[in-house]
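J.: can't give you the sequence, but here's the structure:
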């Protein structure tokens, strides 16, 4: 005999970072919400599962042919930011720094795991560059071995295209303390030093 | 133009303690879940809103006439634990200490906010005690002014019934450090001291 609150609690604990206590608190909160709002959450969950597909252009998640960014005519076509996962787009968007478009690789190279270039959206990236006015490709893959390897691969892949290929900077995280920086990051920060103007 | 992931992210931020980043992480996780599991979460949310009602006996949340605890014949009828809210039941249950039954007041006394005894399930509590074999009523209302006032009220309300009325103990939280205890709690801990046997 399992009650409806216990059932919702259990279902919510499937989510990452949601322990039993949090799940229960959420369940009672949902119980107290206006029915309309609770239905909106449930509906949004179903929508994501039913309608999600990849953007034909950039491989972001969308429920249409093109994602909201690719449909947005105000986004610049001159610069293209390459990321590993659709979720990375929102991280870059939050900076409010980038006004160009994206290309999602849907992973990063890892030959040992069988993730070879053909498994990623690299062919599609090259085709996009060839048939467009992109002048700079900013590679924002992860700052780790796989992301680095993928960045190097893209650099060579796009060499014949005559497009500028850049990599996001390594350095000390803002607000951090140099005392606590690891030596690799600090080395990269020194290497990437810029003249103060 | 709002994408399905952005929509789910926004809906999830309605929940307490779920900020934008967490909501987005959850949205992408839901996207990656088996459809069956995602539907189970959505269904559990709808169920809670559609089927929730109060247990006829104890005022816990249930989808039936009686809640799972009131239906459970193995629960002792001799002791009754009085709590303020349905969610408090799970907190007591987690201790695995109490094998009796519950009574939910659906609030605590607060005359200044217009929460008088008639607004709480106090009449129902008295009727339950009169028509049952309950020998001890354990008052587990909150350790604050309102909970305390409510406990005193129940003590007097049940005086004619000849039932034993107890209050959960105040004291230092387990695993805490006496150095950090506030003086009120520490005073209560001294007052409630027990002989070591």
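T.: Yep, it's here. Because the structure is predicted, anything quoted here is derived from the model rather than measured. Numbers count the residues shown, from 1 in each chain, chains lettered A, B, ... in the order given.
J.: from the chain's centre, how far out does the longest helix seen in chain A sit?
T.: Longest helix in chain A, counting residues (DSSP state H): helix A:35-51. Chain-centre distance of helix A:35-51: 23 Å, with C-alpha atoms, centre = their mean, to the nearest Å.
J.: touching chain B at all, the helix or strand following it?
T.: Going down the chain from helix A:35-51, the next helix or strand is strand A:53-54, by DSSP states H and E. No. For a cut-off given as C-beta under 8 Å from any C-beta of the partner chain, strand A:53-54 has no contacts with chain B; the smallest distance is 9.7 Å. Every residue, glycine included, has its C-beta placed from N, CA and C.
J.: go on, stretch A:14-25?
T.: Yes. Contact of stretch A:14-25 with chain B (C-beta under 8 Å from any C-beta) involves A:14-18, A:22, A:24-25.
J.: any buried residues in the least confident helix or strand in chain A by mean pLDDT, and which?
T.: In chain A, no helix or strand scores lower on mean pLDDT, DSSP states H and E than helix A:183-191, which sits at a mean of 75. Under the neighbour-count criterion of 16 or more other C-beta atoms under 10 Å in any protein chain shown, helix A:183-191 has A:188-189 buried.
J.: and it, what does it pack against?
T.: If you count contacts as 3 or more C-beta pairs under 8 Å, 6 or more residues apart in numbering or on different chains; DSSP states H and E, helix A:183-191 packs onto no helix or strand.
J.: ok now that helix, how far from the chain's centre?
T.: With C-alpha atoms, centre = their mean, you get 25 Å for helix A:183-191.
J.: could you do stretch A:46-55 as well?
T.: 17 Å.
J.: outside of that stretch, which residues touch it?
T.: The contact list for stretch A:46-55 (C-beta atoms under 8 Å, 6 or more residues apart in numbering or on different chains) reads A:60-63, A:65-67, A:70, A:104, A:106, B:4-5, B:7-8, B:27, B:30-31, B:33, B:35, B:38-39, B:42.
J.: run the last query once more with 6 Å
T.: A:61-63, A:66-67, A:70, B:4, B:8, B:30-31, B:35, B:38, B:42 (C-beta atoms under 6 Å, 6 or more residues apart in numbering or on different chains).
J.: over to stretch A:57-74?
T.: A:51-52, A:55-56, A:75, A:86, A:89, A:102-104, A:106, A:121, B:1, B:3-5.
J.: filter these down to just the ones in strands.
T.: Of the contacts of stretch A:57-74, the ones assigned to strands by DSSP state E are A:102-104.
J.: which residue, other than its chain neighbours, is closest to residue A:100?
T.: Nearest-residue entry for residue A:100: residue A:79, 3.5 Å, with adjacent residues in sequence omitted and distances by C-beta to C-beta, 6 or more residues apart in numbering or on different chains.
J.: in this structure the one you found contacts residue A:137, no?
T.: No. Taking C-beta atoms under 6 Å as the definition, residue A:79 is not a contact partner of residue A:137, at 7.6 Å.
J.: neighbour count for these two, which is higher?
T.: residue A:137 (24 against 17; other C-beta atoms under 10 Å in any protein chain shown).
J.: show the contacting residues for the more buried one.
T.: So residue A:137 contacts A:80, A:163, A:165 (C-beta under 6 Å, 6+ apart).
J.: buried only: go through those residues for me.
T.: Buried among these (16+ other C-beta under 10 Å): A:80, A:165.
J.: near chain B, which residues of chain A are found?
T.: A:1, A:3-5, A:7-8, A:11, A:14-16, A:24, A:26, A:28-31, A:35, A:38, A:40-42, A:44-49, A:51-52, A:61-63, A:68, A:87, A:90 (C-beta under 6 Å from any C-beta of the partner chain).
J.: roughly how far does the residue nearest to residue A:100 sit from residue A:98?
T.: 7 Å (C-beta to C-beta, to the nearest Å).
J.: how about the helices in chain A?
T.: A:4-12, A:20-32, A:35-51, A:68-71, A:86-94, A:122-130, A:145-157, A:183-191.
J.: outside of the fifth one itself, list whatever touches it.
T.: Just to be clear, that refers to helix A:86-94. A:60-61, A:98, A:102, A:104, B:24, B:28.
J.: what's the most distant pair in those residues?
T.: Pairwise distances across the contacts of helix A:86-94 (C-beta to C-beta) peak at 19.9 Å, for the pair A:98 and B:28.
J.: these two: who's more crowded?
T.: residue B:28 (19 against 16).
J.: is residue A:76 in contact with residue A:102, as I believe?
T.: No. Applying C-beta under 6 Å as the test, residue A:76 and residue A:102 come out as separate, 11.6 Å apart.
J.: between those two, point out the one with more neighbours.
T.: Set residue A:76 next to residue A:102 and count neighbours by other C-beta under 10 Å: residue A:102 wins out with 25 against 13.
J.: what's opposite that one in the beta bridge?
T.: residue A:81 (DSSP bridges).
J.: low-confidence ranges in chain A?
T.: A:1, A:176, A:178, A:195-197 (pLDDT under 70).
J.: what residue spans form the domains of it?
T.: Here chain A is described, according to automatic domain parsing, as comprising the domains A:1-33, A:75-197.
J.: measure stretch A:116-125 end to end?
T.: In stretch A:116-125, first residue to last residue: 15 Å (C-alpha to C-alpha, to the nearest Å).
J.: quick one: residues in contact with that stretch.
T.: So stretch A:116-125 is contacted by A:59, A:103, A:105-107 (C-beta under 6 Å, 6+ apart).
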